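Asker: only geometry, no sequence info:
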């Protein structure tokens with residue numbers, strides 16, 4: 001005998017994060033900041049210039065968090081990024097910033113493929129030991145001095161990466177900020193690659209913010225805000241995410257929100273400079 005069973009409702013595990021203490025306020029504040037820069041009159045005719053400048057400044061911020069804290073004009077001036085460690089880190093951040101917008105169509109269907117591509121781009125031919133572009137295996141070391149929490153083993157890494165990919169493919173009704181913060185935080189917690197995990201995680205956050213429609217022109221570089229808030233605050237907020245508590249995860253999402261706001265403020269200043277003819 002056939003019955004007309006009602007399918008169980010799908011579960012959206014990220015939706016509840018949008019209601020954590022401080023998160024709705026952070027989401028609203030980010031929306032105001034983003035709308036403000038998108039509403040600037042300079043965006044009507046020179047948005048491409050703002051996007052290019054945001055990419056440069058975002059890359060500088062991401063590199064600073066990874067330990068290569070160069071002045072913006074030095075990043076702008078240099079053409080050789082392969083001579084030593086800091087230069088290679090800056091070069092990796094610049095390449096990731098340029099690549100992120102090219103991967104939107106693939107992200108929602110195959111996020112693990114995108115992450116592999118981001119790591120290949122970050123490495124930029126600097127390593128040829130078989131570890132580039134794939135998640136680490138048991139016993140392989142990770143170079144990520146900013147994150148000192150215990151490293152998930154290869155089995156846990158594989159399961160959690162698959163879980164994260166499943167969430168991305170399924171989509172979520174949670175605000176863009178929540179989705180971006182979870183992708184960013186989870187990749188930093190897992191550190192799936194032997195190198196460049198921080199730059200890759202921040203590039204993935206950028207992809208989510210662009211693809212969600214919150215920042216479609218990529219003019220609100222959260223990396224700028226994270227760098228401005230400082231490495232210590234960044235690491236402390238990440239510890240909150242990794243704690244798994246409502247308070248800690250809410251604080252991480254709010255921290256990411258503040259970084260986006262600061263990135264929007266940076267691009268507003270760029271718009272003002274363009275309007276005055278000073279940039």
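Answerer: Perfect, thanks for sending it. Since the model is a prediction, treat every value here as computed from it, not as a measurement.

Asker: counting contacts, what elements does the longest helix seen in the chain pack onto?
Answerer: Counting by DSSP state H, the longest helix found in the chain is helix 246-276. In terms of contacts (3 or more C-beta pairs under 8 Å, 6 or more residues apart in numbering; DSSP states H and E), helix 246-276 is packed against helix 23-38, helix 43-65, helix 176-190, helix 222-229, helix 231-243. C-beta: built from backbone N, CA, C; applies to glycine.

Asker: average pLDDT across the longest one?
Answerer: Mean pLDDT, helix 43-65: 97.

Asker: What residues sit buried inside the helix or strand following that helix?
Answerer: Using DSSP states H and E, the helix or strand that directly follows helix 43-65 along the chain is helix 72-77. Across helix 72-77, burial judged by 16 or more other C-beta atoms under 10 Å covers residue 75.

Asker: which regions of the stretch 101-250 of the chain lie under the pLDDT threshold?
Answerer: Applying pLDDT under 70 to the stretch 101-250 of the chain flags residues 125-129.

Asker: the inter-axis angle of the longest helix of the chain versus helix 176-190?
Answerer: 120 degrees (axes from the mean of the first three to the mean of the last three C-alpha atoms, to 10 degrees).

Asker: tell me the angle of helix 246-276 relative to helix 23-38?
Answerer: Helix 246-276 and helix 23-38 are oriented at 10 degrees to each other (the same axes, to 10 degrees).

Asker: circling back to that earlier point, the helices and strands packed on helix 246-276: which one's closest to residue 204?
Answerer: helix 176-190 (5.2 Å; C-beta to C-beta).

Asker: Tell me the first helix or strand C-terminal of the closest one.
Answerer: Going down the chain from helix 176-190, the next helix or strand is helix 197-211, by DSSP H and E.

Asker: Give me the distance from that next one to the chain's centre.
Answerer: For helix 197-211, the distance from its own C-alpha centre to the chain's C-alpha centre is 3 Å (C-alpha atoms, centre = their mean, to the nearest Å).

Asker: got it, and stretch 166-183?
Answerer: With C-alpha atoms, centre = their mean as the basis, the distance from the averaged C-alpha position of stretch 166-183 to the chain average is 12 Å.

Asker: quick one: terminal-to-terminal distance for that stretch?
Answerer: The separation between the terminal residues of stretch 166-183, taken as C-alpha to C-alpha, to the nearest Å, is 12 Å.

Asker: Can you list the buried residues in it?
Answerer: 167-168, 172, 174-183.

Asker: Now the residues you listed in CSV, please, with extra columns for distance to residue 193.
Answerer: Supplementary listing: the buried residues of stretch 166-183 in CSV, determined by distance: C-beta to C-beta, whole Å:
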residue, distance to residue 193
167, 20
168, 18
172, 25
174, 26
175, 28
176, 25
177, 25
178, 24
179, 21
180, 20
181, 20
182, 19
183, 15
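
Asker: Now the phi/psi pair for residue 174, please.
Answerer: With angles defined as degrees, to the nearest 10, residue 174 sits at phi -60, psi 150.

Asker: Quick check: it touching residue 14?
Answerer: Yes: using C-beta atoms under 8 Å, residue 174 makes contact with residue 14 at a distance of 4.0 Å.

Asker: Where does residue 89 fall, secondary structure wise?
Answerer: Per DSSP H and E: helix 85-100 holds residue 89.

Asker: by contact count, what packs against that helix?
Answerer: helix 43-65, helix 111-123, helix 197-211.

Asker: So for residue 24, which of those sits nearest?
Answerer: Distance to residue 24, taken as C-beta to C-beta, is lowest for helix 197-211 among the helices and strands packed on helix 85-100, at 18.0 Å.

Asker: The closest one: which residues count as buried?
Answerer: Within helix 197-211, the residues that count as buried by 16+ other C-beta under 10 Å are 197-211.
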